[in-house]
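Asker: Here's a sequence, model it:
(one chain, ligands or ions: 1)
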Amino acid sequence: MNELDLFADEKEQLLAEASSLRQEIRHHEYLYYVLDAPEITDSEYDRLMVRLREIEATYPEEVPDDSPTRRVGGRADTQFAEVRHLEPMLSLSNAFSETELRAFDERVKGGLPAGSKVEYVMEPKIDGLACSLIYENGRLVRAATRGDGVVGENVTANVRTIRSIPLVLKAPAGETLPELLDVRGEVYMPRHAFMELNERRAERGESEFANPRNAAAGSLRQLDPQVTASRSLSFFAYYIVGEGAQPKHSENLAKLTAYGFKVSENYRVVQSIDEAIEFIAEFDKKRSTLAYDTDGAVIKVNAVAQQNALGATGKDPRWAIAFKYPPEQAETTLEDIDWRVGRTGVLTPTAMLTPVRLSGSVISRATLHNEDFIKAKDIRIGDRVVINKAGEIIPEVLRVVIDKRTGEEKPVEIPSVCPECGWSVERQGAEAAIRCTNPHCPALGREGLIHFVSRDAMNIEGCGPSVINQLIDSGLVRDAADLYTLTKEQLVTLERMGEKSADNLLAAIAASKENELDKLLFALGIRHVGAKVARTLASIYGSMDELLNTGMLELAKISEYKKEAKENKTEDKFKDMGEKIAESVVTWLSVPANQDLIERLKAAGLKLTFTAPASKEDNPFFGKTLVFTGTLPTLGRAEAKTMAQDVGAKVSGSVSKKTDYVIAGEEAGSKLDKAVQLGVKVINEEEFIKLING
Ligand code: IVH
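Answerer: The predicted model follows:
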């Protein structure tokens, strides 16, 4: 054999090895991600991957697109392309009671020839987001979100990173794979992944996701698939569209399983609406033990021919309905009340509970809001209480179980001194809140700093609450100005702070010096000064010096100014602020310690000026009225609002005929419905950013 042949032979061998490695890896991924029953250890799996990567690196031109090494590919563009669904992606109407379920059954039977026997399939309603996956000859070629049901977004690159979604389908024995297959199902984030993600986000000072559904949606709509890949998403398949479908839905579920999809093991075929109702009651007991959130059960007519005969009304099929469980509740004992001081000095009571399971997590604390809340519900220490959690992270005490009182319960003592510093507390006028009167209360420092670095304020990344706590506890930082004196040597002494994170943090701190004055004014945490008032002040005075020199005098006389403006019908430059805010600003600026803080921030090189944005008449949003609704995937609400105001848009809280644009994020609710009703233009965050940047 000559040398060339030898090479060719070796190549062939290696390619054959690669191909069998891929098979093997796919099989193990299936066992791990779909069946949740791995047969090899993680390191054995890693070894297979390393070997495959090694061979693929030698022959990069021979690597198929569906190799397990190719799950994470290139970035999406600035926007996800719109794609038209092959068949509309329907939604489901809801039933909240047995009566409504029976009415559904009646409607189904009424829509079919008299005497038809109807079988139903019961499935968990997974709380995630619907996705359509298109397979051509068994290969995943496209994945899209539901969008408006007709047109969705192309999220293929991100969906490929979800390990329970096969890139290549398994061919069931003796069958060839369909040329075209449209599989529908739910992308979701398991509870443990959701909790871990939120912990990481809190550490970094990023906002937490409200629930696994939002987290899944946010993770799927990332421009960088690497980010999606890091988010532990999963997928349940629950529907095969049109071609490729079997005569019964339950057969489709079996087929999906055979193709290698994860199908919920909790589905059941039932023969009557009574059995369906039974399933719903049984599943309610089970669902809190599942690794993922469910918000109901779906009931579907099993026979596809019957489904077709029934058809759909608008966006909802007549052959299926979602039963929604009421928000979960649990009963436990309120052991004590913990009063915490927030950044504005308000004392907030938290109920310390005997740990109890609720919606899949163990709850040991619940918010009590304020003194009035405790009084209104007559909450006492030692009470049995009912708590609920309706899509919120923080559970709430709903009511006291009065019947279970033993007489041992103790009335709640409202603190008369601050738990942090021992100074007296006060309750002002009609305010429900009680506050610490110590302007230098240590709690203010800690919470104030957490606010100072937060995204809508100075936006210092990598400086989450745990970093702030360590900085304060180690004595490195007492107030905001100290942040600007930190050195790398100091930072690396903190827990979990490597050289790289320290460099990044220092860079973020340095970059924050360039923020416009309005960000700083908001960051300082002056009572009643939100992002909007901060902006007004910054744009009126243009610099901190001017605010101190002229502003304080003018603000102290704001009521006279307003009166005059009204009498003379001149424009009120303080239009978004009143006396209460002005007084709070003046008081804050008069405190010597605060003036000192400003001096030190100035010495640290902070900008402390405000430049009004350039001419904005050309901007498409100039003079337009915008309404934001839902959670925007990347922008904070205050940030988006400021951006809009910067270009001369008016931001309103409610939708009317006068609204020009509604910018809708995740979980947009009634405002979005109203916009659609009124025919107001609805855009998403990406379109908003694109338009605003011209
Ligand atoms: S069937 C025509 N089955 O619930 C079939 N949907 O509220 C329509 N969902 O958009 C969907 N679990 O995102 C179906 N087992 C399940 C489901 C399910 C969750 C979601 C899906 C749908 C929404 C409707």
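
Asker: where does Ser116 fall, helix, sheet strand or coil?
Answerer: At Ser116 the chain is in coil, as set by DSSP: H, G, I helix; E, B strand; the rest coil.

Asker: where's it relative to Asp284, distance?
Answerer: If you measure Ser116 against Asp284 using C-beta to C-beta, to the nearest Å, the figure is 29 Å. Glycine gets a C-beta too; all of them are placed from N, C-alpha and C.

Asker: Give me the more crowded residue out of those two.
Answerer: The neighbour comparison of Ser116 against Asp284 (other C-beta atoms under 10 Å) goes to Asp284, with 16 against 13.

Asker: Just the buried residues of the strand or helix carrying the more buried one, please?
Answerer: Following DSSP states H and E, one finds Asp284 within helix 273-286. Residues Ile273, Ala276, Ile277, Phe279, Ile280, Phe283, Asp284 are the ones in helix 273-286 that count as buried (16 or more other C-beta atoms under 10 Å).

Asker: What is it packed up against?
Answerer: helix 98-110, strand 120-126, strand 268-270, strand 294-301 (3 or more C-beta pairs under 8 Å, 6 or more residues apart in numbering; DSSP states H and E).

Asker: Now tabulate the ones you listed in a markdown table and tack on mean pLDDT, mean neighbour count and distance to the ligand.
Answerer: Below are the helices and strands packed on helix 273-286 laid out as a markdown table (pLDDT from 0 to 100; neighbours: other C-beta atoms under 10 Å; distance: least, C-beta to the nearest ligand atom, whole Å):
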| stretch | mean pLDDT | mean neighbour count | distance to the ligand |
| --- | --- | --- | --- |
| helix 98-110 | 95 | 16 | 14 |
| strand 120-126 | 97 | 24 | 4 |
| strand 268-270 | 97 | 16 | 12 |
| strand 294-301 | 94 | 24 | 4 |
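
Asker: I'd like the ones you listed as TSV, with distance to Thr634 appended.
Answerer: Output for these, formatted as TSV (distance: least, C-beta to C-beta, whole Å):
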stretch	distance to Thr634
helix 98-110	38
strand 120-126	25
strand 268-270	41
strand 294-301	26
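
Asker: Next, Gln490: secondary structure please.
Answerer: On the three-state scheme (three-state DSSP), Gln490 is labelled helix.

Asker: Am I right that Ala330 is in a strand?
Answerer: Yes. Looking at Ala330 with three-state DSSP, it is inside a strand.

Asker: neighbours around it, how many?
Answerer: By other C-beta under 10 Å, 18 other residues sit near Ala330.

Asker: who are the neighbours in contact with the residue nearest to Asn266 when sequence neighbours are not counted?
Answerer: Counting by C-beta to C-beta, 6 or more residues apart in numbering, Asn266 lies nearest to Pro124, which is 5.0 Å off, once chain neighbours are set aside. By C-beta atoms under 8 Å, 6 or more residues apart in numbering, the contact list for Pro124 reads Ser264, Asn266, Tyr267, Phe283, Arg287, Leu290, Thr294, Gly296, Ala297, Val298.

Asker: What sits closest to Glu87 if chain neighbours are left out?
Answerer: Nearest residue to Glu87 in three dimensions, chain neighbours excluded: Val241, at 5.1 Å (C-beta to C-beta, 6+ apart).

Asker: swap in Pro349?
Answerer: Closest residue to Pro349 apart from its sequence neighbours, by C-beta to C-beta, 6+ apart: Leu368 at 4.2 Å.

Asker: Now do the same for that neighbour: its pLDDT.
Answerer: You'll see Leu368 listed with a pLDDT of 88.

Asker: how about the helix holding Asp284, does it reach the ligand?
Answerer: No. Helix 273-286 is not in contact with the ligand by C-beta under 6 Å from any ligand atom; minimum separation 11.7 Å.

Asker: residues in contact with that helix?
Answerer: Taking C-beta under 8 Å, 6+ apart as the rule, helix 273-286 contacts 98, 101-102, 104-105, 120, 122, 124, 266, 268, 270, 294, 297, 299, 323, 325.

Asker: Phi first, then psi, for Glu617.
Answerer: Torsion angles at Glu617 (phi, psi; degrees, to the nearest 10) stand at phi -60, psi -30.

Asker: quick one: it and Lys573, what's the gap?
Answerer: Going from Glu617 to Lys573 by C-beta to C-beta gives 21 Å.

Asker: related to what we said a few turns ago, so what sits opposite the residue nearest to Asn266 in the bridge?
Answerer: Pro124 has these beta-bridge partners by DSSP bridges: Ala297.

Asker: pLDDT value on the residue positioned nearest the centre of the chain, please?
Answerer: Taking C-alpha atoms, centre = their mean, the centroid of the chain lies closest to Phe209, which sits 3.2 Å from it. On pLDDT, Phe209 comes in at 77.

Asker: could you list every residue that touches it?
Answerer: Phe194, Leu197, Asn198, Arg201, Ala215, Gly218.

Asker: Send me the helix or strand that contains the fourth one as CSV with only the CA atoms.
Answerer: Arg201 is part of helix 191-203, with elements assigned from DSSP H and E. Provided in CSV are the C-alpha atoms of helix 191-203 (Å, rounded to 0.1, in the frame of the first residue of the first chain):
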residue,chain,number,x,y,z
ARG,A,191,-37.5,24.5,38.7
HIS,A,192,-34.0,23.8,40.0
ALA,A,193,-32.5,25.5,36.9
PHE,A,194,-34.8,28.5,37.5
MET,A,195,-33.8,28.8,41.1
GLU,A,196,-30.1,28.5,40.3
LEU,A,197,-30.4,31.0,37.5
ASN,A,198,-32.1,33.5,39.8
GLU,A,199,-29.5,33.0,42.5
ARG,A,200,-26.7,33.7,40.0
ARG,A,201,-28.6,36.8,38.7
ALA,A,202,-29.1,38.1,42.2
GLU,A,203,-25.4,37.6,42.9
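
Asker: helices or strands next to the next helix or strand after it in the packing?
Answerer: Next helix or strand after helix 191-203 toward the C-terminus (DSSP H and E): helix 212-220. Using 3+ C-beta pairs under 8 Å, 6+ apart, the elements in contact with helix 212-220 are strand 129-136, helix 156-159, strand 180-188, helix 191-203, helix 225-229.

Asker: For these, give me TSV that also has distance to Lys109, mean neighbour count and mean pLDDT.
Answerer: Converted to TSV, these look like this (distance: least, C-beta to C-beta, whole Å; neighbours: other C-beta atoms under 10 Å; pLDDT from 0 to 100):
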stretch	distance to Lys109	mean neighbour count	mean pLDDT
strand 129-136	28	21	96
helix 156-159	38	24	93
strand 180-188	26	23	96
helix 191-203	38	17	80
helix 225-229	44	19	86
